[in-house]
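Student: Give me a model of this one.
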Amino acid sequence: MKSPATLLLWILIVVLLSACGSDDKTQAERAGIGAIAQASGATPFVAQLSYTLDNFAHLDSVHYTIAGRPDSHSRPVAVTYDHAWLGRRAAWDASGKRIAVPVFGLYANHRNELTLTTRFRDGSTHVTQVVVATGPYTGPATVYATPEVRTARGGASPGVEYMLIKNGVTTPVILDSDGQIRWAGNAPGSSISSLFGDDAFYVGDPDAPLLHQVDVDGSVRSSRLDDARFTNFHHDLARGKTGFLAELDALVGNVRLVESILAEIDISGRVLKQWDLGQIFRATMRAGGDNPDNFVRDGVDWFHMNSAIYDAHDNSLLISSRENFVVKLDYDTGVIRWLLGDTTKHWYVNYPTLRALALRVTEGKVPIGQHSLSVAPNRELLLFNNGLGSAEQPPGTPAGQNRSYSTPSRYAIDENARTAREVWTWDADRELLSDICSSAYEGAPGQYLVAYSSLENRTQARLVAVDSAGRVAFDYIYPSTVCNTVFIAQPFRFEELRLR
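Tutor: Numbering: from 1, shown residues only. I've put the predicted structure just below:
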């Protein structure tokens with residue numbers, strides 16, 4: 001017969017062993033995940049999936065992939081929602097112990113096959129196969145539904161699997177490299193000034209000082225800029241040092257400042273920092289002995305800012321003035337570091353102060369009427385070189401050259417030598433003139449997405465993937481009015497998107 005002490009020890013061992021046995025289950029096994037419920041989204045490109053989840057604190061992320069159609073070559077959409085993102089949007093209902101996640105990137109009018117993976121903090125996963133059947137799409141983005149296909153995408157990667165289209169007819173639109181629409185919302189009605197941030201689409205209003213946040217499920221909320229002088233957004237919206245770089249119009253003392261102010265804003269509309277290019281050029285020119293009055297002209301579109309980006313490599317801003325040049329500014333001080341543009345224009349011919357800041361182009365074409373700046377990993381500057389001379393120069397002053405064709409252009413810049421070389425371009429046999437808007441971005445090393453926004457007297461847009469040797473991977477044509485269909489087309493990493 002066992003002693004009371006021995007019996008107590010055996011009971012304790014049994015209890016401990018039982019407890020250890022219960023801990024053998026992973027967090028995925030204890031999550032209580034049941035059947036997946038579905039609800040339609042704002043457009044056929046979005047659906048809402050929901051399922052039971054016992055403990056949100058154990059969740060690491062939710063990941064899904066959407067299988068490509070049988071005839072597609074684009075890599076499958078693959079999106080991960082981190083715990084923090086799901087928490088911010090209150091995706092988990094604690095009372096009902098249920099989580100709801102949006103799935104965006106679906107094909108319209110298709111039986112979409114999804115793999116939904118719920119990951120937990122202990123490394124375990126729960127994987128479910130889901131079929132989401134969608135209806136046809138009939139909204140304003142139907143202009144993208146049936147492109148004229150000059151070159152269809154084949155099996156070789158074009159360097160860009162998905163494209164974010166900033167446009168004048170609807171929200172940002174995502175197309176895949178097969179030419180299929182994969183996302184569009186319902187509002188707002190223009191996304192020329194827009195970008196995809198860390199968590200949603202952001203769109204600057206062209207008629208008011210409002211920043212719209214468009215969630216991936218299509219819902220919209222808006223914030224007003226906190227500086228009453230600003231009247232509206234124009235042209236592009238890009239990532240800045242800490243927020244977004246917004247190109248804004250302003251009303252100061254009943255004088256309209258047209259397309260010459262850049263501001264860095266946060267997602268709530270708070271203005272963090274701003275650069276008034278009129279003030280910057282006035283001060284620079286006066287300090288050098290020039291009179292700026294016939295160059296900087298308030299109330300007139302003398303500058304026409306159409307692109308602005310932040311370069312973290314040297315804490316600078318690169319800004320495109322369609323009327324004049326590309327200008328590089330010091331981010332902190334606003335000091336002009338250099339200018340790059342057509343030296344037959346008013347700014348160079350008539351102002352020694354500005355002439356002294358100009359880079360000398362030692363090879364290739366100068367930028368004329370350029371759009372859509374970006375910086376490659378090797379520090380080279382890429383832009384769309386429209387070729388259109390100035391439209392708003394003072395009477396009797398030189399407006400510069402006009403070319404009969406447009407190109408993407410890439411420049412190697414030597415700031416010490418004060419020189420620039422056009423190291424790559426593609427002229428498409430000099431047959432394509434897109435005089436305004438348009439863009440060129442590198443999707444993968446040596447592979448480019450080029451958007452011709454205003455071909456055929458501004459009635460046609462064209463998306464072309466081309467490599468550095470001039471080989472075309474796809475070529476799609478769309479009807480357009482001015483730049484409405486495609487203002488800018490940027491590579492979009494829908495095949496490896498993570499929302500944090």
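
Student: And the residue nearest to Gly288 when sequence neighbours are not counted, how close does it get to Pro292?
Tutor: Once flanking residues are discounted, Gly288 sits nearest to Thr353: 3.1 Å by Cβ to Cβ, 6 or more residues apart in numbering. From N, CA and C alone the C-beta is placed, and that goes for glycine too. Thr353 is 9 Å from Pro292, where distance means Cβ to Cβ, to the nearest Å.

Student: shared neighbours, the two?
Tutor: Taking Cβ atoms under 8 Å, 6 or more residues apart in numbering as the contact rule, Thr353 and Pro292 both touch Met285.

Student: Which other helices and strands does the helix or strand hosting the residue nearest to Gly288 contact?
Tutor: Using DSSP states H and E, the element containing Thr353 is helix 352-355. On a contact count with 3 or more Cβ pairs under 8 Å, 6 or more residues apart in numbering; DSSP states H and E, helix 352-355 meets helix 277-287, helix 346-350.

Student: Restrict the shortest one to CA atoms and write it as PDB.
Tutor: The one in question is helix 346-350. The C-alpha coordinates for helix 346-350 follow below in PDB (Å, rounded to 0.1, in the frame of the first residue of the first chain):
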ATOM      1  CA  HIS A 346      13.900  81.300 -71.200                       C
ATOM      2  CA  TRP A 347      15.300  80.100 -67.800                       C
ATOM      3  CA  TYR A 348      18.700  79.400 -69.300                       C
ATOM      4  CA  VAL A 349      19.000  82.000 -72.000                       C
ATOM      5  CA  ASN A 350      18.000  85.000 -69.900                       C
END
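
Student: quick one: contacts for the residue nearest to Gly288?
Tutor: 284-285, 287-290.

Student: Mind doing that once more with 10 Å?
Tutor: Residues in contact with Thr353 (Cβ atoms under 10 Å, 6 or more residues apart in numbering) are 281, 284-290, 292, 295, 336, 347.

Student: Most neighbours of all those residues, which one?
Tutor: Counting neighbours by other Cβ atoms under 10 Å, Trp347 comes out on top of the contacts of Thr353 with 29 neighbours.

Student: Could I get the helices and strands packed on helix 352-355 in a markdown table, plus columns for mean pLDDT?
Tutor: Output for the helices and strands packed on helix 352-355, formatted as a markdown table (pLDDT from 0 to 100):
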| stretch | mean pLDDT |
| --- | --- |
| helix 277-287 | 98 |
| helix 346-350 | 98 |
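
Student: out of those helices, which comes closest to Tyr441?
Tutor: helix 277-287 (24.2 Å; Cβ to Cβ).

Student: who's in contact with the closest one?
Tutor: 252, 257-262, 276, 290-293, 295-298, 302-303, 305, 308, 319, 321, 324, 327, 329, 333-336, 347, 351-354, 357.

Student: those strands in the stretch 401-500 of the chain, which residues are they?
Tutor: 407-414, 419-425, 439-444, 447-454, 460-467, 472-479, 488-491, 497-499 (DSSP state E, counting those that start in this stretch).

Student: In a markdown table: those strands, plus distance to Asp93, mean pLDDT and mean neighbour count.
Tutor: Below are these laid out as a markdown table (distance: least, Cβ to Cβ, whole Å; pLDDT from 0 to 100; neighbours: other Cβ atoms under 10 Å):
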| stretch | distance to Asp93 | mean pLDDT | mean neighbour count |
| --- | --- | --- | --- |
| strand 407-414 | 49 | 98 | 22 |
| strand 419-425 | 53 | 98 | 18 |
| strand 439-444 | 40 | 98 | 23 |
| strand 447-454 | 41 | 98 | 26 |
| strand 460-467 | 41 | 98 | 24 |
| strand 472-479 | 42 | 98 | 20 |
| strand 488-491 | 36 | 98 | 25 |
| strand 497-499 | 19 | 97 | 17 |
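
Student: among those, which is nearest Val143?
Tutor: strand 472-479 (6.1 Å).

Student: Can you tell me the strand partners of that closest one and which way each runs?
Tutor: Its sheet considered, strand 472-479 pairs with strand 148-151 (antiparallel), strand 460-467 (antiparallel) by DSSP bridges.

Student: Show me how far that strand is from its chain's centre.
Tutor: 20 Å (Cα atoms, centre = their mean, to the nearest Å).

Student: swap in stretch 394-407?
Tutor: For stretch 394-407, the distance to the chain centre is 30 Å (Cα atoms, centre = their mean).

Student: Over to stretch 147-165?
Tutor: So, by Cα atoms, centre = their mean, the centroid of stretch 147-165 is 18 Å from its chain's centroid.

Student: now do stretch 459-479
Tutor: 19 Å.

Student: Endpoints of that stretch, how far apart?
Tutor: 6 Å (Cα to Cα, to the nearest Å).

Student: What is the burial count for Arg150?
Tutor: 12.

Student: Write down the beta-bridge partners of the closest residue to it other than its chain neighbours, one by one.
Tutor: Spatial nearest neighbour of Arg150, chain neighbours left out: Asp475 (4.0 Å); criterion: Cβ to Cβ, 6+ apart. Here Asp475 sits in beta bridges with Thr151, Val464, going by DSSP bridges.

Student: now Asp475: how far from Ala465?
Tutor: In terms of Cβ to Cβ, Asp475 sits 8 Å off from Ala465.

Student: And for Arg89?
Tutor: For Arg89 relative to Ala465 (Cβ to Cβ), the value is 34 Å.

Student: Can you pull out the low-pLDDT segments for this structure?
Tutor: 1-23 (pLDDT under 70).
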